[in-house]
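J.: Provide a 3D model corresponding to the input given below.
(one chain, ligands or ions: 1)
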Amino acid sequence: MHNSCLIGIVIYLCANYQSKSVYNKMDNQNYKLATRLIHAGVEPDPSTGAIMTPIYQTSTYVQAAPGDHKGYEYARTQNPTRTALQNALASIENAKYGLCFGSGMAATDAVLKLLQPGDEVIVSNDLYGGTYRIMTKVFAHYGIKFSFISMQNAGDIEGYITSKTRMLWIETPTNPLLNIIDIAACAQIAHAHNMILVCDNTFASPYLQNPIDLGTDIVLHSATKYLGGHSDVVHGCLLLNDPTLEERLRFMQNSCGAVPGPHDCWLVLRGIKTLHIRMQRHCENGEAVAKYLEQHPKVAKVYWAGFPHHPNHDIAKKQMRGFGGMISFTLKDDSIEAAMSVLTRTKLFSLAESLGGVESLIGHPATMTHGSIPREERIKNGLSDSLIRLSVGIEDADDLIADLATALV
Ligand SMILES: *Cc1c(COP(=O)(O)O)cnc(C)c1O
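T.: Next up is the predicted model:
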């Protein structure tokens, strides 16, 4: 077959798929989340019609002549599997642009590289241990100053802003105390002072909350958690609307090179197709477990934003569509030993770091995820010795409660 004939057929196939496609990111803004989770960003493979995005396991792309290529030159810069995922993730967060990274921390690293020596950042004090670590142990050495403060009352933030403050960094619900921060109020404060608002939306996922709609500039996810959803991939992403910020972050993605491989992108693409179904069950099971723990005689306090007595329950109701599957609780015997006896006796809740997978996990922030925070600082921020964190999975709720009952005797 002549080359020109072959090219003609390929162009015809591409055009044909494009014209019939409802999958294109630009076309699907009117579709609801459940539809976008399945269709956004993905197109049938133009060369075979494969409905699932292929894993383009390649490092480079052949060019007809120097510069004459199909938009792909080298796989650190672009990969079609990654492009599909970036467009899908942007769509489900109601954002224009998506950028994927090798982990949530790699995404965090890229955002912090927007800063210059001398710049200041205000950060919520109850946050992911690794985020605290990269700020205090890596970026502080480059002359960037971080203030960790309570943001339960967003109005308190204003008192910490100086002429050098460039960024406001929030996580809500927070990890592990499930505090709620008012995203819209933070956006107002950030923009009044020319600051970039970054929101780590890992705990809520786009199913429960869309920070872009509330004025956030950059949404960050550890896709390792609910987006991937099956505890089989480490991945991170950034979602945003501003073209200048997107260009700077895309530059970081390519020049620093912390990009995910195509197989990992494919796993996240596959994971998000069931996000809505999984999150619905995470929410139902989370509620059942929180209510069980709340009345248990050995339990001192349950942290879950769905309780009307949660300090920011009203803000949670305003900005979230449900309360999720993350729950923390303390014991009346507030000791590491008491926590250990619970942690080692559950059978269905596996003792492990991480969260957001279909299976239930139990963890001890003081010695695990938040082990890198000094004890004094940890206790000051309310992370007591007996604090136990649950990532409630999508198993049967009665079985999960029975498992906790056995461990809490
Ligand atoms: C896990 C997590 C991160 C870091 O993501 P990795 O994928 O582990 O690098 C950041 N923020 C939150 C809230 C997390 O739970």
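
J.: if I pick the closest residue to the ligand within the chain, what's in contact with it?
T.: Residue nearest to the ligand within the chain: G104 (2.2 Å; CB to the nearest ligand atom). Heads up, the C-betas are built off the backbone N, CA and C, glycines and all. Taking CB atoms under 8 Å, 6 or more residues apart in numbering as the criterion, G104 is in contact with Y128, G130, T202, L220, H221, S222, A223, T224, K225, V234, H235, G236.

J.: could you redo the last one with a cut-off of 10 Å?
T.: Going by CB atoms under 10 Å, 6 or more residues apart in numbering, G104 touches 128, 130-131, 200, 202, 220-225, 234-237.

J.: same check on Y74?
T.: T58, S59, T60, Y61, N254.

J.: among the residues you listed, who's most crowded?
T.: Y61 (17 neighbours; other CB atoms under 10 Å).

J.: how about the helices in the stretch 201-350 of the chain?
T.: Applying DSSP state H, counting those that start in this stretch to the stretch 201-350 of the chain gives helices spanning 205-208, 243-256, 262-272, 275-294, 313-319, 336-343.

J.: so which of the ones you listed is the most packed in?
T.: helix 205-208 (a mean of 25; mean count of other CB atoms under 10 Å).

J.: ok, is it in contact with the ligand or not?
T.: No. When contact is scored as CB under 6 Å from any ligand atom, no part of helix 205-208 falls within range of the ligand; the minimum is 10.9 Å.

J.: count the residues that sit near A64.
T.: Applying other CB under 10 Å, I find that A64 has 10 neighbouring residues.

J.: can I see the domain layout of the protein?
T.: 80-270, 275-407 (automatic domain parsing).

J.: redo the helices of the stretch 201-350 of the chain as JSON lines? Include mean pLDDT.
T.: Shown next, in JSON lines, are these (pLDDT from 0 to 100):
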{"stretch": "helix 205-208", "mean pLDDT": "98"}
{"stretch": "helix 243-256", "mean pLDDT": "98"}
{"stretch": "helix 262-272", "mean pLDDT": "98"}
{"stretch": "helix 275-294", "mean pLDDT": "98"}
{"stretch": "helix 313-319", "mean pLDDT": "98"}
{"stretch": "helix 336-343", "mean pLDDT": "96"}
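
J.: export the ones you listed as TSV, with columns for distance to T165.
T.: Formatted as TSV, these follow (distance: least, CB to CB, whole Å):
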stretch	distance to T165
helix 205-208	28
helix 243-256	17
helix 262-272	33
helix 275-294	34
helix 313-319	23
helix 336-343	37
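
J.: restricting to C-alpha, output stretch 251-267 in CSV.
T.: Extracted in CSV, the C-alpha atoms of stretch 251-267 (Å, rounded to 0.1, in the frame of the first residue of the first chain):
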residue,chain,number,x,y,z
PHE,A,251,7.9,23.3,32.7
MET,A,252,8.7,21.8,36.2
GLN,A,253,7.1,18.5,35.2
ASN,A,254,9.4,18.2,32.2
SER,A,255,12.6,19.8,33.4
CYS,A,256,12.6,18.2,36.9
GLY,A,257,11.3,15.0,35.4
ALA,A,258,9.3,13.4,38.2
VAL,A,259,6.8,12.0,35.7
PRO,A,260,4.7,8.8,36.1
GLY,A,261,5.2,5.8,33.8
PRO,A,262,2.4,4.9,31.3
HIS,A,263,1.4,1.8,33.2
ASP,A,264,0.8,3.8,36.4
CYS,A,265,-1.2,6.3,34.4
TRP,A,266,-3.3,3.5,33.0
LEU,A,267,-4.0,2.1,36.6
